[in-house]
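Undergrad: Prediction below, plus the sequence it came from.
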Amino acid sequence: QQQVKQSPQSLIVQKGGISIINCAYENTAFDYFPWYQQFPGKGPALLIAIRPDVSEKKEGRFTISFNKSAKQFSLHIMDSQPGDSATYFCAASIETPSNTGKLIFGQGTTLQVKP
Amino acid sequence: KAGVTQTPRYLIKTRGQQVTLSCSPISGHRSVSWYQQTPGQGLQFLFEYFSETQRNKGNFPGRFSGRQFSNSRSEMNVSTLELGDSALYLCASSLGRLAGDTDTQYFGPGTRLTVL
């Protein structure tokens, strides 16, 4: 119940295309859903995050779509660029005083954007 | 503002040894969380410290321990190293807010530990 399942494991997209990464969860107590981007040799960096009371959030070329009833959320990268080539992780957490500082991560998606 | 720093960046140890990793959080951040990243298990939460106290703990054996100092810097210790402890160890810092307010975690570059 603490798992977050992420797909696909890897993704190849042409420059200018749309990259879509999906995540699913079981625990309805999760109330915070961030996406992180990680480049080789670096730590994960927060891209965008959403709470379950919002169905969509957009920041630049990055959009999170959230479907509370289906317990799914996805990251859309519009106009994908070679510089977006990285590993993307979805995550979830339960933000309560008894569960501080703990993010549950998906397995990651390696995105390659071809020029 | 300087980001999260971790030292050392790379470490090679042999089985049975112990190791201490260090993390300096972003100035003003009081919470430090530690994660283990491996190809097989992904990113897994180890523990979180706030104001020198461990507030939360993941499902790792007691060989993994940590502490936090009064300046919020944190150390993680792994005793009696096993081959399976080879991983990238990441720390993340945050303000340490409790429920009701998003508490974004900012990650350091990690320490790559290799156990031979």
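TA: Cool, the structure landed.

Undergrad: got the contact list for the closest residue to chain A within chain B?
TA: The minimum distance from chain B to chain A, using C-beta to the nearest C-beta, falls at B:E48 (3.0 Å). The way it works is simple: take the backbone N, C-alpha and C, and place the C-beta from them, glycine included. Shown in contact with B:E48 (C-beta atoms under 8 Å, 6 or more residues apart in numbering or on different chains): A:T100, A:G101, A:K102, B:S31, B:V32, B:S33, B:W34, B:Q54, B:R55, B:N56, B:K57.

Undergrad: repeat that with 7 Å
TA: With contacts defined as C-beta atoms under 7 Å, 6 or more residues apart in numbering or on different chains, B:E48 is in contact with A:T100, A:G101, A:K102, B:S31, B:V32, B:S33, B:R55, B:N56.

Undergrad: My assumption is that it lies in a strand; please confirm.
TA: Yes. B:E48: assigned to a strand according to DSSP: H, G, I helix; E, B strand; the rest coil.

Undergrad: which non-adjacent residue is nearest it?
TA: A:G101 (3.0 Å; C-beta to C-beta, 6 or more residues apart in numbering or on different chains).

Undergrad: repeat for A:A49
TA: Counting by C-beta to C-beta, 6+ apart, the nearest residue to A:A49 once its immediate chain neighbours are dropped is A:P34, at 3.8 Å.

Undergrad: Assumed the one you found was part of a strand.
TA: Yes. With three-state DSSP as the criterion, A:P34 is part of a strand.

Undergrad: In three-state terms, how would the residue of chain A found nearest chain B be classified?
TA: For chain A, the residue closest to chain B is A:G101, as judged by C-beta to the nearest C-beta, at 3.0 Å. With three-state DSSP as the basis, A:G101 sits in coil.

Undergrad: residues contacting it?
TA: Neighbour list for A:G101: B:S31, B:S33, B:E48, B:R55, B:N56, B:S94 [criterion: C-beta under 7 Å, 6+ apart].

Undergrad: Please name the bridge partners of the residue nearest the centre of chain B.
TA: The centroid of chain B falls nearest to B:W34 when counting by C-alpha atoms, centre = their mean (2.8 Å). Assessed by DSSP bridges, B:W34 has beta-bridge partners B:F47, B:C91.

Undergrad: Was I right to think it contacts B:S65?
TA: No. Using C-beta atoms under 7 Å, B:W34 makes no contact with B:S65, being 10.2 Å away.

Undergrad: Model confidence at the residue nearest to A:K102 when sequence neighbours are not counted, what's the number?
TA: Residue nearest to A:K102 in three dimensions, not counting chain neighbours: B:F45, with 4.7 Å by C-beta to C-beta, 6+ apart. We have a pLDDT of 96 for B:F45.

Undergrad: Now B:F45, what are its backbone angles?
TA: Taking degrees, to the nearest 10, you get phi -70, psi 130 for the backbone angles of B:F45.
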